[in-house]
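# take a look and give me a structure for this.
(one chain, ligands or ions: 2)
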Amino acid sequence: MGELVAVGAASVAEPPRIRRLDESVVNRIAAGEVIQRPVSAVKELVENSLDAGSTSISVVVKDGGLKLIQVSDNGHGIRSEDLPILCERHTTSKLSAYEDLHSIKSMGFRGEALASMTYVGHVTVTTITEGQLHGYRVSYRDGVMEHEPKPCAAVRGTQIMVENLFYNMIARRKNLQNANDDYAKIVDLISRFAIHNSSVIFSCRKHGVNRADVHTVTTLSKLDAIKTIYGISVARDLMEITVSDDNPSRSIFEMNGFISNANYTAKKTTMVLFINDRLVECTALKRAIEVVYSSTLPKASRPFIYMSIKLPCDHVDVNIHPTKREVSLLNQESLIETIQNAVESKLMNCNTTRTFQTQTVSCAPARNFTARKDTEISPSVSGTKSQKVPVNQMVRTDSRDPFGRLHAYWQDCPASQHEKKSDLASVRIAVRQRRNPRESADLTSIHELLNEIDQNIHPGLLEIVKNCTYIGLADEVFALLQHNTHLYLVNVVNVSKELMYQQVICRFAHFNAIQLSEPAPLPELLILALKDEDLESGGDNDDELRKKIAEMNTDLLKQKGEMLEEYFCININQEGNLMRLPVILEQHTPDMDHIPEFLLSLANDVDWENEKECFQAISAVLGNELTGTDDHGQDDLDQELLAEAETAWAQREWNIQHVLFPSMRLFLKPPKSMATDGTFIQVASLEKLYKIFERC
Ligand code: ADP
Ligand code: MG
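Ligands and ions are numbered 1, 2, ... in the order given. Predicted coordinates:
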């Protein structure tokens, strides 16, 4: 109590006097907010050049921008009579009434940027307008001209030079000098502008260096611009995306851009976002998209995103941030949701051609492992060293790290043969990609089936599926998976059937095709399949009966040919030959041995009357019969030579590890039934094992 009184008594003092700040102090404080770093000055200058209608903009930087920033353009220039007020605060040619803000198309509007630069640096402007014989050059300090504009020779446009930035802000200058990464930020900024303004030529280089770090040519294609700037390795892995909404109760906008596919790998998200042609940031949208990527694709990669969003001008408030880095949007939430959904369906339905890296098993995995650790672990991970994980919970967390798979302990298997196969497969995929885009199917029954899949997801299993590590095959049917501290046995046949079924429904009417090298006659194939079945009659006329059934079934499938072709890419021609089959999973070629059973099943097991059931049954037949993950039957194995059986086994295991599991992680939406029907069985948990060992 006594203490409190003492403090109170000490703080009773005369209130300090309030004084008006000197105008130069006010201006310098304000300027420090608009021009936070060299890169913010470059952004303002480039935006001015774009506002001036330039088609060529070049940037030269010395000492990370602290010594010199020079931006030259070929825009409309500045009238000589405007030069005296050019760098005063709040002088602009772009806005006159407050209401104009609602319809503003230019990037600048506050008339603050140039002024700010003169308060924290030395600004020199050289400019010429069309039809003039000579240009003018003039330098500014603290908002005013240092001398009358001097006539000079000039090429079309404007050149603005900012020297000794922050010369009068010691602390900031020191901080920036230490950071020394502003040049990289400037290059990144110019790259972003260059993608969106692909008809403008940009260049950016360090002072005294001939080679430019960004140099673009005019192109109308944004993808070409991305290729020039970020390289072919990025452009190759991008997909175009467009979405729009025109519902005033939700949102009104158009978006188009490019997003990375499953092949792209990066540790950091690159998001290049333009809203009504302004380069802005929108953390909420970025996070929303990152969430889609991390829940759809394997964890490690962050996306590359370029998006241009156009909204009615009066739906955007451009005046909420001192450097205009952020804008506020009307109905932002529903806009983000619509874009998020579009990204998700693009990732799920794009016929993703993920090229799974075949990895040869090295005999010295331990060495590789440590090397990888050093280079790949992100600082945030190594930074958590102090929060020690209890040893009984220490597990591999990179689900794609091969170290620790059973494979690593095996002899080198005949991998080269498989590798060749997968290379071929990628070529085939590339060829198939050039298919004709078709109208998207819009049948309610398919939507219902899709919804049923979504509603039936078991969230716990989904988490396991997305983040598990494949360990190896335990026997013909079960594989071992690890998820956190738990081990699971997973029935690969069930998983494969469900995955294929879901993929058929997802890709409905949008399949790539596998062309059979020779037409396969249906009657013969059906007879082949019927031979495996026990016919009830028995006796000599079995063959006759088989022939009859085969003919009837051929007729039936021919009749349904148009629908099978259109929706499922199963092509049967008029002569009754099977010509084409759908690709259900990229990299997975159907086992031709299964085609007779597939056709028989298609003819017998499908109820053609009810649309939804019919689609469901065809999808199931495609999933069951064409996947070839079920084992080839004990009988066959017994008869084959041992060596052949081993090859078949290796092949099967390879397929499970490199095709089925990666696809499962990407696409499978495990139904609730899988938790109880023996598809996923938890066999061990590390914590419990430790308890047992502790007792020993
Ligand atoms: P704002 O862009 O908000 O108008 P600035 O301080 O950036 O304010 O620029 C002030 C004015 O100077 C602009 O309105 C424009 O008329 C003129 N200006 C600046 N840079 C250029 C340029 N590169 N080419 C032509 N005019 C320019
Ligand atoms: Mg401006």
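# for this structure, what helix or strand is lowest in average pLDDT?
Of all regular secondary-structure elements in the chain, judged by mean pLDDT, DSSP states H and E, the least confident is helix 365-376 with a mean of 33.
# neighbours of residue 288, how many?
Taking other CB atoms under 10 Å as the neighbour definition, residue 288 ends up with a count of 17. To be clear about C-beta, it is placed using only N, CA and C from the backbone, and glycine gets the same treatment.
# you'd agree it is up against residue 340?
Yes - Residue 288 is in contact with residue 340 according to CB atoms under 8 Å; the separation is 4.6 Å.
# how about the contacts made by the closest residue to ligand 2 within the stretch 101-250 of the chain?
Residue nearest to ligand 2 within the stretch 101-250 of the chain: residue 108 (2.6 Å; CB to the ion). If you count contacts by CB atoms under 8 Å, 6 or more residues apart in numbering, residue 108 has them with 44, 47, 48, 51, 92, 94.
# look up how far residue 237 lies from it.
35 Å (CB to CB, to the nearest Å).
# circling back: how about the contacts of residue 108 in TSV, adding secondary structure and pLDDT?
Below are these laid out as TSV (DSSP: H, G, I helix; E, B strand; the rest coil; pLDDT from 0 to 100):
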residue	secondary structure	pLDDT
44	helix	96
47	helix	97
48	helix	96
51	helix	96
92	coil	93
94	coil	90
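# which one of these is nearest to residue 564?
Out of the contacts of residue 108, the one with the shortest distance to residue 564 is residue 47. That distance is 56.2 Å, counting by CB to CB.
# Three-state assignment for the closest residue to the closest one other than its chain neighbours, please.
Residue nearest to residue 47 in three dimensions, not counting chain neighbours: residue 107, with 3.9 Å by CB to CB, 6 or more residues apart in numbering. Reducing the assignment to helix, strand or coil with DSSP: H, G, I helix; E, B strand; the rest coil, the entry for residue 107 is coil.
# return the distance of residue 107 relative to residue 90.
Taking CB to CB, one finds residue 107 at 17 Å from residue 90.
# of those two, which one has the most company?
A count of neighbours by other CB under 10 Å puts residue 107 above the other of residue 107 and residue 90, at 21 against 10.
# that one touches residue 278, doesn't it?
Yes - in this structure residue 107 lies within contact range of residue 278 using CB under 8 Å: 6.0 Å.
# for the two, list the residues in contact with both.
Shared between the contact lists of residue 107 and residue 278 (criterion: CB under 8 Å, 6+ apart) are residues residue 324.
# who in the stretch 551-696 of the chain is up against ligand 1?
Remark: no part of the stretch 551-696 of the chain is in contact with ligand 1, using CB under 6 Å from any ligand atom.
# OK, now which residue of the stretch 551-696 of the chain is nearest to ligand 2?
Closest point on the stretch 551-696 of the chain to ligand 2, by CB to the ion, is residue 666, at 45.3 Å.
# ok, now the stretch 201-350 of the chain?
residue 324 (9.1 Å).
# shouldn't that residue be within a helix?
No - when the secondary structure is assigned by three-state DSSP, residue 324 falls in coil instead of a helix.
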